[in-house]
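Enquirer: This is a predicted model, with the sequence first.
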2 protein chains.
Amino acid sequence: MRTRFQQEMEELRDKLLRMGGLAELAVDRACQAYSERDLTRCQLVLENESLINIAERDIDERAFDILATQQPAAVDLRFILAVTKINSDLERVGDQAVNIAERVMDMIELPAADLPVDIPRMATAVGAMVRRALESFVDGKAELAQAVLEMDHVVDRMRDEAFIMLVRTMNERPQVTQQALDALLVARNLERVADHATNIAEDVIFWVLGADVRHHALTVAPQPARPERQEQ
Amino acid sequence: MRTRFQQEMEELRDKLLRMGGLAELAVDRACQAYSERDLTRCQLVLENESLINIAERDIDERAFDILATQQPAAVDLRFILAVTKINSDLERVGDQAVNIAERVMDMIELPAADLPVDIPRMATAVGAMVRRALESFVDGKAELAQAVLEMDHVVDRMRDEAFIMLVRTMNERPQVTQQALDALLVARNLERVADHATNIAEDVIFWVLGADVRHHALTVAPQPARPERQEQ
């Protein structure tokens, strides 16, 4: 039989996963809205932000209650601290989806422009990072989390390329400056979602291995690369 | 005589304040570097990032140790959770200072351009927000934290104005597109520092009043406005 404590811990985990699902969905929708110039999807993203905010508060309160009433130790304490940090990151992923939706709403008002940037490809890579970060949390698998840290460099490169190409576009075709700037900011927002996925992966490693991988090499096996907690 | 627990709590508070000082200094330096096109200050900001990262880890470890060994309750537990959240926000303020310094390094390579944006004025407003947020933490004053939430709207407006003016500049003077984009991204980074100050203020209110002001009106007196936890 599960104890009251085990039950509360499982509920906390499930709530965080549901919140993760909401945040992922928001980013997906915002990127689809970009591809299809779809105002309805943008509005859905804006409307659903409040659900993510409510979920964040609920999870923080549950974590606080468990800490206050159960005084968990060691691995359970690390798990709860990881949950509160992942919770903040997921809420910020939701904020990024809102930012993207707002950029898309700006773009839809302007004439469509053919731009040298593959936002859907970037969105696919970033979505995979968020999904894997959450999977690594569910399974408590540090190796999976480590893979997320490595994917971050790929997304950084995509953002740098987008940046270079879109600035060139602004110079060569001033009539689409605003659209190019909107696309550049969408690329930047996606890169920041990737950074949050990276933060989540680091928190999973902290929880699983009991080691803080932020800003320094891990000293216990398996030895991951030297990730930097980042937010661009 | 102070107990061991009180001593640990005071040390945690002092460490967080020192970290706040480092983060503030980094933003100040990055903005001075912008005004004076000063490469040396940019490099100082990049070099000092590791100090902020080390401080973040140290504070998280201390908080974990206190939770694990002292099992604090009620207001002390809320204080420690607030510290871990403020800690993350301060580290991200440091990241923003690095982003600004990198933009400035990009600008210094290009011819100086006269741009319709008052970055020093924006930096002053943002610096005041961070300072007051930290003061509200030191003094445990919810009213001071509330004032920070209200200042955030002023900075948002500055960012919006900068955005409009700089996009117009890109269109009218394509030869300074890159400089205008750099300035626009600096304005955006400053606005994000303001958002972190807002997050810190919300955490102080959570600690002091035991109420979560994120995403919903506070139901206990004094009743602040309805802030939104945000990150643009």
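Expert: Yep, it's here.
Enquirer: only C-alpha atoms for contact and neighbour calcs from this point on.
Expert: OK.
Enquirer: distance of A:L39 from A:E8?
Expert: 40 Å (Cα to Cα, to the nearest Å).
Enquirer: Ok, A:D195 next?
Expert: Separation of A:D195 from A:E8 (Cα to Cα): 29 Å.
Enquirer: tell me which parts of chain A are close to chain B?
Expert: By the rule Cα under 8 Å from any Cα of the partner chain, the part of chain A lying against chain B is A:50, A:53-54, A:57, A:64, A:68, A:71-74, A:77-78, A:85, A:92, A:95-96, A:99, A:167, A:170-171, A:174-175, A:177-178, A:212, A:214-215, A:230-232.
Enquirer: for the helix or strand hosting A:L12, packing partners?
Expert: Taking DSSP states H and E as the definition, A:L12 sits inside helix A:4-36. Using 3 or more Cα pairs under 8 Å, 6 or more residues apart in numbering or on different chains; DSSP states H and E, the elements in contact with helix A:4-36 are helix A:39-70, helix A:74-108, helix A:119-139.
Enquirer: Next, the angle helix A:74-108 makes with the shortest one.
Expert: Put simply, helix A:119-139 runs at 160 degrees to helix A:74-108, going by axes from the mean of the first three to the mean of the last three Cα atoms, to 10 degrees.
Enquirer: Give the buried residues for the helix or strand just after helix A:119-139.
Expert: Later in the chain than helix A:119-139, the nearest helix or strand by DSSP H and E is helix A:142-172. Within helix A:142-172, the residues that count as buried by 16 or more other Cα atoms under 10 Å in any protein chain shown are A:142, A:144-152, A:155-156, A:158-159, A:162-163, A:165-171.
Enquirer: Cross-check the contact I'm expecting between A:I205 and A:A145.
Expert: Yes. A:I205 lies in contact with A:A145 (Cα atoms under 8 Å); the separation is 6.6 Å.
Enquirer: residues in contact with stretch A:13-20?
Expert: Contact partners of stretch A:13-20, identified using Cα atoms under 8 Å, 6 or more residues apart in numbering or on different chains, comprise A:I52, A:A55, A:E56, A:I59, A:V83, A:N87, A:L90, A:L134, A:V138.
Enquirer: Buried among the residues you listed? Make that a PyMOL selection.
Expert: Buried residues among those (16+ other Cα under 10 Å), as a PyMOL selection:
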select buried, chain A and resi 52+55+56+59+83+87+90+134
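Enquirer: Same list (the contacts of stretch A:13-20) but as CSV, adding pLDDT and distance to B:L185.
Expert: Formatted as CSV, those follow (pLDDT from 0 to 100; distance: Cα to Cα, whole Å):
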residue, pLDDT, distance to B:L185
A:I52, 96, 27
A:A55, 96, 31
A:E56, 94, 29
A:I59, 96, 33
A:V83, 94, 31
A:N87, 95, 27
A:L90, 96, 24
A:L134, 94, 30
A:V138, 88, 36
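Enquirer: where in chain A is pLDDT low?
Expert: Scanning chain A for pLDDT under 70 picks out the ranges A:1, A:211-232.
Enquirer: hmm, back to that, identify, from the contacts of stretch A:13-20, the entry nearest to B:P116.
Expert: Nearest to B:P116 among these: A:L90, at 35.8 Å, using Cα to Cα.
Enquirer: Please tell me how far that closest one sits from A:A23.
Expert: For A:L90, the distance to A:A23 - Cα to Cα - is 6 Å.
Enquirer: list the contacts for the closest residue to A:F137 other than its chain neighbours?
Expert: Of all residues not flanking A:F137 in the chain, A:V204 sits nearest, at 5.6 Å (Cα to Cα, 6 or more residues apart in numbering or on different chains). Applying Cα under 8 Å, 6+ apart, we find A:V204 in contact with A:A82, A:A133, A:S136, A:F137, A:G140, A:K141, A:A142, A:A145.
Enquirer: Can you classify A:P72 as helix, strand or coil?
Expert: Following DSSP: H, G, I helix; E, B strand; the rest coil, the label given to A:P72 is coil.
Enquirer: distance of A:A197 from B:R18?
Expert: To B:R18, A:A197 is 28 Å away according to Cα to Cα.
Enquirer: which of those two has more neighbours?
Expert: Taking other Cα atoms under 10 Å in any protein chain shown, A:A197 and B:R18 do not tie; A:A197 has more neighbours (30 against 13).
Enquirer: give me every residue that touches the nearest residue to A:T177 once chain neighbours are set aside.
Expert: Spatial nearest neighbour of A:T177, excluding adjacent residues (Cα to Cα, 6+ apart): A:M170 at 4.7 Å. For A:M170, the contact set (Cα under 8 Å, 6+ apart) comprises A:V176, A:T177, A:A180, A:L181, B:M170, B:P174, B:T177.
Enquirer: tell me the phi and psi of the fourth one?
Expert: When read as degrees, to the nearest 10, the backbone of A:L181 gives phi -70, psi -40.
Enquirer: got it, and A:D38?
Expert: Dihedral angles (degrees, to the nearest 10) for A:D38: phi -110, psi 100.
Enquirer: got the contact list for it?
Expert: Contacts of A:D38 (Cα under 8 Å, 6+ apart): A:Q32, A:I108.
Enquirer: and what of A:A194?
Expert: A:V126, A:M129, A:V130, A:D152, A:V155.
Enquirer: And for the second one, the neighbour number?
Expert: Here the neighbour count serves as a burial measure; for A:M129 (other Cα under 10 Å) it reads 28.
Enquirer: Same check on A:E36?
Expert: When neighbours are defined as other Cα under 10 Å, A:E36 has 11 of them.
Enquirer: Distance check, it against chain B.
Expert: 23 Å (Cα to the nearest Cα, to the nearest Å).
Enquirer: same check, this time on A:V154
Expert: In this view, A:V154 and chain B are 19 Å apart by Cα to the nearest Cα.
Enquirer: Likewise for A:M158?
Expert: Taking Cα to the nearest Cα, one finds A:M158 at 18 Å from chain B.
Enquirer: That residue is in contact with A:M122, isn't it?
Expert: Yes. The criterion here is Cα under 8 Å, and A:M158 meets it with A:M122 at 6.9 Å.
Enquirer: Between A:D195 and A:E8, which has more neighbouring residues?
Expert: Remark: of A:D195 and A:E8, A:D195 carries more neighbours, 28 against 17, as counted by other Cα under 10 Å.
Enquirer: pretty sure that one is in contact with A:D152, am I right?
Expert: Yes. Shown here, A:D195 and A:D152 form a contact pair, counting by Cα under 8 Å, at 7.0 Å.
Enquirer: ok, and for the helix holding A:L12, which residues are buried?
Expert: Neighbour counts over helix A:4-36 (16+ other Cα under 10 Å) mark A:8-9, A:12-13, A:15-17, A:19-34 as buried.
Enquirer: One more: stretch A:45-55?
Expert: For stretch A:45-55, by 16+ other Cα under 10 Å, it's A:V45, A:L46, A:N48, A:E49, A:I52, A:N53, A:A55.
Enquirer: ok, so of those, who is nearest chain B?
Expert: Relative to chain B, the closest of those is A:N53; by Cα to the nearest Cα it sits at 6.2 Å.
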